[in-house]
Structure formats: structure tokens, C-alpha cells
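Engineer: please work out how this folds:
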Amino acid sequence: MNEVSEAGEKPSADRRPIAARQSGFARWLTALLLKTPITPNQISVLSIAFAAIGAAAILFAPRWPLLYLIAVLCTQLRLLCNLLDGMVAVEGGRGSAVGALYNEFPDRVADSVLIVALGYAAGAGWLGWAGALAAALTAYVRVFGGSLGQAQDFRGPMAKQHRMALISLACVLALFEAALTTERLVLYGAAWIILVGSFLTCLTRTRAIVSRIPGATSP
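Structural biologist: Residues are numbered from 1 along each chain as shown. Next up, the predicted model:
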């Protein structure tokens, strides 16, 4: 029987490579969760809750800058959920038939609420929506490659972990910026980097997909 990942897929082909899986802390947390009845799908949904709290913190942080710290914490907790749902599913053997849905859909929601909130906090709501759309397209391209029988491609330059790292860094820098000025240049710049970087990620992943198709010409 094939091993099933958090997405109900073969981990060797379609599991995001994350070095943190090998850390003692991640393994300890996984062992702790396996002592409870929690499922990988519930952990995936919990990531939405952390993202929503983080998004609210980003929205109100320009008025109360200390909320940037809450935003950073919740963004990292969202990523931790993304790590642990897979470890509980694969290493813990708790994968389910609907794991593929719970592995993808909560990610798209969590991504969107954080990126949209970033745009509004930067004073450019449209930029947040555009960034969220571009981020969703990176996942679409990845999954489309998988639908062609290829290994899913998680490359950047603005994959999920890169987007979350950038948002976290932007919040830290915005906290210092708030002590000096009322401008929101850090958030605005981060929103643009996510937008442009996500489109570049779509391009790099698409080119990689095409390069694996015999007889195809790269775009």
C-alpha cells in the first residue's frame, strides 16, 4: 500500500520539502498531537483561524503598532499548522480520503486573508486582492502540473513559505517604521513584492512543467 501524505498523495512526489520536519521540536509536537484525537484536517482548518487573527492584527496595527507582533506570531502559527498537519497525517498514519481537499483549501483561504489584509493595511486594498489572486495562481499551476502526472513543483521565488516569511519580516520592520513615521512604505513594498514575486513563480513553475513534456516548446 502506498504511503499517503497530508494531501492523500505520494509524499515523494507531491509533498512540499520542509527541512523543519527533521527538527526535534517538530517531531516532539507531532508525538504530542498523536496522543490526542486531533486529525490532520482539523489542524489544517486551525491554520485558517490563526491566519484570520493575524489578518485582523495586520489591519489594525497601523493604529496600534504592537499588533504587528501578534500578526507575526499568528503568521508563524499558521505555518506551524501547515507543517504539523502533514506530519500527523504521514508520520502519524492519520491521513484521510479527503486529505487532499483539506491540504489545499485551507491554505488558499489562509493565504488570501493575510495578503488581502496586508494590502488594506498598506492603504491599497486592490494590491492585497491582486496579490492574493497571484498567490492562488501559483498553487493552481503547481496542482495543474500534478494533474499531468508530474511531481508537483514547489519552487519560488515566492512560494507559500516565502510569502509568509515576507509578511512576518514586513510586520517586524513596520513596527520600527511606526516609531518614526505614519507612512506604511514597508507594508506597501511587501504587498508589491508578493504580487510580482507570485507572478514570477507562476512563470518559473509553468516553464518547468513545459520542460518536462516531451516535444513541448518552452513559453
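
Engineer: which helix is the longest one in the protein?
Structural biologist: helix 185-211 (DSSP state H).

Engineer: packing partners of that one?
Structural biologist: helix 99-121, helix 125-147, helix 160-180 (3 or more C-beta pairs under 8 Å, 6 or more residues apart in numbering; DSSP states H and E). In this view, the C-beta of every residue, glycine as well, is placed from N, C-alpha and C.

Engineer: work out which residue lies at the spatial centre of this protein.
Structural biologist: Nearest to the geometric centre of the chain sits residue 160, at 3.6 Å (C-alpha atoms, centre = their mean).

Engineer: local confidence estimate at that residue?
Structural biologist: Residue 160 carries a pLDDT score of 93 in this model.

Engineer: likewise residue 145?
Structural biologist: Here, the pLDDT recorded for residue 145 equals 91.

Engineer: tell me the most buried of the helices and strands packed on helix 185-211?
Structural biologist: Counting by mean count of other C-beta atoms under 10 Å, helix 99-121 has the highest mean neighbour count of the helices and strands packed on helix 185-211, with a mean of 22.

Engineer: related to what we said a few turns ago, same list (the helices and strands packed on helix 185-211) but as a markdown table, adding distance to residue 81.
Structural biologist: As requested, the helices and strands packed on helix 185-211 are exported to a markdown table (distance: least, C-beta to C-beta, whole Å):
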| stretch | distance to residue 81 |
| --- | --- |
| helix 99-121 | 8 |
| helix 125-147 | 17 |
| helix 160-180 | 11 |
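
Engineer: among those, which is nearest residue 37?
Structural biologist: Among those, helix 99-121 comes nearest to residue 37, with 16.1 Å by C-beta to C-beta.

Engineer: re earlier: got the buried residues for the longest helix of the chain?
Structural biologist: Neighbour-count burial for helix 185-211, counted by 16 or more other C-beta atoms under 10 Å, picks out 186-188, 190-195, 197-199, 201-202, 204-206, 208-209.
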